[in-house]
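K.L.:
sequence? don't have it. structure:
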């Protein structure tokens with residue numbers, strides 16, 4: 001019967017180990033999920049602020065150019081053409097400006113070693 005107690009003890013230890021590993025996995029998942037959510041929330045806030053400033057400065061540029069060209073319609077057209085050009089450049093550079101940094105940051109979050117400290 002000593003073998004039965006030994007097997008029972010081994011079974012209990014194994015259950016405890018599996019439960020501990022499961023809890024550790026859940027904690028690591030929650031940490032990574034919260035870091036990803038924080039990353040996207042921060043990006044959303046920054047993009048929102050930049051868009052607000054962009055609209056404000058675009059309107060300021062239209063008003064300034066309307067005084068220079070003496071026509072608000074021409075100023076709007078000039079700013080519109082400039083914005084189309086900037087949009088075209090952003091489209092051409094979308095991978096190097098947006099996609100690659102986002103993928104790199106997500107890879108850093110998802111595949112970081114939990115034993116190393118963050119800088």
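P.N.:
Received the coordinates, thanks. Note that the coordinates shown come from a computational prediction; the quantities given were computed from them, not determined experimentally.
K.L.:
show me where the chain has helices.
P.N.:
Using DSSP state H, the helices assigned to the chain run over residues 2-69, 72-92, 94, 100-110.
K.L.:
by contact count, what packs against the helix or strand bottoming out on mean pLDDT in the chain?
P.N.:
Lowest mean confidence among the helices and strands of the chain (mean pLDDT, DSSP states H and E): helix 100-110, at a mean of 88. With contacts taken as 3 or more Cβ pairs under 8 Å, 6 or more residues apart in numbering; DSSP states H and E, helix 100-110 sits against helix 2-69. (Each C-beta comes from the backbone N, C-alpha and C, glycine too.)
K.L.:
contacts only, for residue 32.
P.N.:
Neighbour list for residue 32: 109-110 [criterion: Cβ atoms under 8 Å, 6 or more residues apart in numbering].
K.L.:
tell me how far it lies from residue 94.
P.N.:
26 Å (Cβ to Cβ, to the nearest Å).
K.L.:
cool, and residue 46?
P.N.:
If you go by Cβ to Cβ, the gap between residue 46 and residue 94 works out to 17 Å.
K.L.:
nothing else from me, thank you.
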